[in-house]
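Engineer: this one's structure only:
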């Protein structure tokens, strides 16, 4: 609902420099400058000026900055309210879907249990995998959507919703197609010696903290670089642009066309499942019960 270049401009002003904005957005400083320049050309206005300490908004830029902050917040609320109003009175389950948390696993589950919900329809609600805004999306469970399905080992996520585990994804390593490891079919941990491995910062995920501790203790030859606690596309872009390796999962193999995801000789896994609100209505809880029974039935077959 607004020009996405505004978000880059607002971040640059908030950070006070293009370099710091690049770190926050996980893109290069050059990319930040290009996006701000493109916005200036689009508006035919000079929005920033350099200072010894970094950058600051011009008088016109300060006005655009103020109104952009309002516009971005209002857009999020407007979209959320519209979705809620559109499906408040019908027998519809609203399911969130994004690049990193696609609805396909939910659809697979739905076709196994939908006989118990003959009058219900599904409505897919897209949302963005923005590492700064994802917690606000989680808080929309019960409002904007009834369910999300995805990887969840986050203390921050679990403090905001219920989680029904359905299975696990294997941890993999992604590298650019030009990387020295890209031609391999499978990696040994020793193949990563001398590499910088990007992974989420310590503190929010027990699984990722365990992996980090194991690597730091037993494989100190691997340099670890922190990413934000929640991945978004900017993290995959940074991996592709810098030549670093990225700790990823098996369901994200097609997220970035410039990256190749490789299995590794380790047994690191992370749970995925169904997320729903703490105060979910009766029909949502009924679906959760059916999903749990289906998951147990599947598990008993193996």
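Structural biologist: Structure's in. What do you need? The structure presented is a predicted model; accordingly, all values stated were derived computationally and were not measured. Numbering: from 1, shown residues only.

Engineer: okay, CA-based contacts and neighbour counts for the rest of this
Structural biologist: OK.

Engineer: Residue 153 - nearest residue in space that isn't next to it in sequence?
Structural biologist: For residue 153, ignoring the flanking residues on the chain, the nearest one in space by Cα to Cα, 6 or more residues apart in numbering is residue 205 at 5.3 Å.

Engineer: you'd agree that neighbour is up against residue 158?
Structural biologist: No - look at residue 205 against residue 158 with Cα atoms under 8 Å: they stay out of range, at 10.3 Å.

Engineer: quick one: residue 12 from residue 132, how far?
Structural biologist: 14 Å (Cα to Cα, to the nearest Å).

Engineer: Now do the helices in the protein.
Structural biologist: Counting by DSSP state H, the chain has helices at residues 5-15, 18-25, 29-43, 59-86, 104-113, 134-138, 155-158, 206-218, 233-242, 282-300.

Engineer: how big is the angle separating the fourth one from helix 29-43?
Structural biologist: Regarding helix 59-86 and helix 29-43, their directions subtend 90 degrees when assessed with axes from the mean of the first three to the mean of the last three Cα atoms, to 10 degrees.

Engineer: would TSV of the helices of the chain with mean pLDDT and mean neighbour count be doable?
Structural biologist: Converted to TSV, the helices of the chain look like this (pLDDT from 0 to 100; neighbours: other Cα atoms under 10 Å):
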stretch	mean pLDDT	mean neighbour count
helix 5-15	91	20
helix 18-25	90	20
helix 29-43	92	16
helix 59-86	80	14
helix 104-113	94	14
helix 134-138	94	18
helix 155-158	96	15
helix 206-218	97	15
helix 233-242	94	19
helix 282-300	89	14
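
Engineer: Export these to CSV and append columns for distance to residue 225.
Structural biologist: Formatted as CSV, the helices of the chain follow (distance: least, Cα to Cα, whole Å):
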stretch, distance to residue 225
helix 5-15, 21
helix 18-25, 12
helix 29-43, 18
helix 59-86, 30
helix 104-113, 30
helix 134-138, 21
helix 155-158, 21
helix 206-218, 10
helix 233-242, 11
helix 282-300, 36
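
Engineer: between those helices, which one is nearest to residue 257?
Structural biologist: helix 233-242 (9.4 Å; Cα to Cα).

Engineer: Can you name every helix or strand that that closest one contacts?
Structural biologist: Where contact means 3 or more Cα pairs under 8 Å, 6 or more residues apart in numbering; DSSP states H and E, helix 233-242 is packed against strand 162-176, strand 245-249.

Engineer: any chance of those in TSV, plus distance to residue 258 and mean neighbour count?
Structural biologist: What follows is the helices and strands packed on helix 233-242, written out as TSV (distance: least, Cα to Cα, whole Å; neighbours: other Cα atoms under 10 Å):
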stretch	distance to residue 258	mean neighbour count
strand 162-176	6	20
strand 245-249	13	23
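
Engineer: which stretch among these comes nearest residue 200?
Structural biologist: strand 245-249 (8.5 Å).

Engineer: Now do that closest one against helix 233-242, angle only.
Structural biologist: Using the same axes, to 10 degrees, strand 245-249 lies at 140 degrees relative to helix 233-242.

Engineer: Parallel or antiparallel, list what pairs with strand 245-249.
Structural biologist: strand 162-176 (antiparallel), strand 196-200 (parallel) (DSSP bridges).

Engineer: That strand - what's its average pLDDT?
Structural biologist: Averaging pLDDT along strand 245-249 gives 98.

Engineer: by how many degrees do it and helix 206-218 diverge?
Structural biologist: Using the same axes, to 10 degrees: strand 245-249 against helix 206-218 is 140 degrees.

Engineer: coming back round to it: just the pLDDT for the residue nearest to residue 153.
Structural biologist: With respect to pLDDT, residue 205 has a value of 95.

Engineer: need the contact list for it.
Structural biologist: 153, 154, 155 (Cα atoms under 8 Å, 6 or more residues apart in numbering).

Engineer: want to throw these into a markdown table with distance to residue 240?
Structural biologist: Formatted as a markdown table, these follow (distance: Cα to Cα, whole Å):
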| residue | distance to residue 240 |
| --- | --- |
| 153 | 25 |
| 154 | 25 |
| 155 | 28 |
